[in-house]
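Trainee: this one's sequence-less:
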């Protein structure tokens, strides 16, 4: 969608948080918005943004318990005896644990029946115990030991001698291959009917977090739009947007292109500076409690031509 600045701002009007931009650029009421100047006092404008995360309600432990219970019901329907999940978005969805992926296995096994179990490197044990809320079965491994054997033992301890184990879609091959070799009697299938079967249906709490992420993105975009100036680089534009997100209380950012390079779906490696009449493309978002926004806006810096 390519619009002039009046349409760009009107399309995102009605956002109460926009009033936080103060008298310089408050677009909750769009009457006369085309007359608002594009500001150049970047630090002042961005610094006027205030945190808008008060009232954000994280996903509760009770909701995560309900997710685990639903996953176990779906496993029974799909005849899957357990699912294996390494660090990533599905682990966070079910357990609330955020963990960076590395060459060392950190994972959770959710069985169709029984308690969750965790596999953790020994030197990470204390940190893991601080984060884990669901399941007390935490099995640790030293550098000279096999985490794959621990997974195999967890599965056996749940009474699974043969059957089907689902692998979460982002599980890296070397982990899957190691587990497969350690459990030759098991059949491995995709866990997507379980994970997507839960994650694709959003609760009111999830919808509220997604809405908040989108609301904050529009506020940050409005502030960034208002800082444009002749000769601005892509880095300065994106830096203003990142600063706006930070001041609003979230982590976020934006990809941007100027002029003819906006025709490239994902930009160009050519350095660009902003000129009067350029089309500007911005595409990005932020994260609120793990829920992402993804918003694109296209507009013209200055007065658009007839063709634009």
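Mentor: Alright, I've got the coordinates. Since the model is a prediction, treat every value here as computed from it, not as a measurement.
Trainee: Which parts of the protein are strands?
Mentor: Counting by DSSP state E, residue ranges of the strands within the chain are 82-86, 107-111, 117-121, 137-141, 163-167, 186-190, 251-258, 279-288, 291-292, 295-300.
Trainee: and of those strands, who's closest to residue 216?
Mentor: In terms of Cβ to Cβ, the element of those nearest to residue 216 is strand 279-288, at 5.6 Å. Glycine gets a C-beta too; all of them are placed from N, C-alpha and C.
Trainee: relative orientation of that closest one and strand 251-258 in degrees?
Mentor: Taking axes from the mean of the first three to the mean of the last three Cα atoms, to 10 degrees, one finds that strand 279-288 is oriented at 170 degrees with respect to strand 251-258.
Trainee: what's the angle from strand 279-288 to strand 295-300?
Mentor: Taking the same axes, to 10 degrees, one finds that strand 279-288 is oriented at 160 degrees with respect to strand 295-300.
Trainee: Tell me which other helices or strands strand 279-288 touches.
Mentor: Taking 3 or more Cβ pairs under 8 Å, 6 or more residues apart in numbering; DSSP states H and E as contact, the helices and strands that strand 279-288 lies on are helix 204-225, helix 234-248, strand 251-258, strand 295-300.
Trainee: With mean neighbour count as extra columns, can I get those in TSV?
Mentor: Compiled in TSV, the helices and strands packed on strand 279-288 are given as follows (neighbours: other Cβ atoms under 10 Å):
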stretch	mean neighbour count
helix 204-225	21
helix 234-248	21
strand 251-258	20
strand 295-300	19
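Trainee: isn't residue 151 right next to residue 181, touching?
Mentor: No: between residue 151 and residue 181 no contact is recorded; they are 10.9 Å apart, counting by Cβ atoms under 8 Å.
Trainee: The two - which one has more neighbours?
Mentor: Here residue 151 and residue 181 are compared on neighbour count by other Cβ atoms under 10 Å; more neighbours surround residue 151, at 24 against 12.
Trainee: residues near the closest residue in space to residue 171 that isn't next to it in sequence, how many?
Mentor: On the basis of Cβ to Cβ, 6 or more residues apart in numbering, the spatially nearest residue to residue 171 that is not a chain neighbour turns out to be residue 86, at 5.4 Å. As a burial measure, residue 86 scores 20 neighbours (other Cβ under 10 Å).
Trainee: From residue 162, how far off is residue 86?
Mentor: Plainly put, residue 86 is 23 Å away from residue 162 if you go by Cβ to Cβ, to the nearest Å.
Trainee: likewise residue 193?
Mentor: 20 Å.
Trainee: and those two? which has more neighbours close in?
Mentor: When residue 193 is set against residue 162 and neighbours are counted by other Cβ under 10 Å, the residue ahead is residue 193, at 16 against 9.
Trainee: show me the contacts for the closest residue in space to the more buried one that isn't next to it in sequence.
Mentor: Leaving aside its sequence neighbours, residue 193 sits nearest to residue 78 (Cβ to Cβ, 6+ apart; 5.1 Å). Applying Cβ atoms under 8 Å, 6 or more residues apart in numbering, one finds that residue 78 lies in contact with 166, 193, 194.
Trainee: what residues are up against residue 266?
Mentor: residue 255.
Trainee: can you give me the helices in the stretch 1-150 of the chain?
Mentor: Assigned by DSSP state H, counting those that start in this stretch, the stretch 1-150 of the chain shows helices spanning 5-11, 42-47, 61-78, 89-95, 125-131, 147-157.
Trainee: Closest to the centroid, which residue in this structure?
Mentor: Nearest to the centroid of the C-alpha atoms of the chain, with distances taken as Cα atoms, centre = their mean, sits residue 292, at 4.0 Å.
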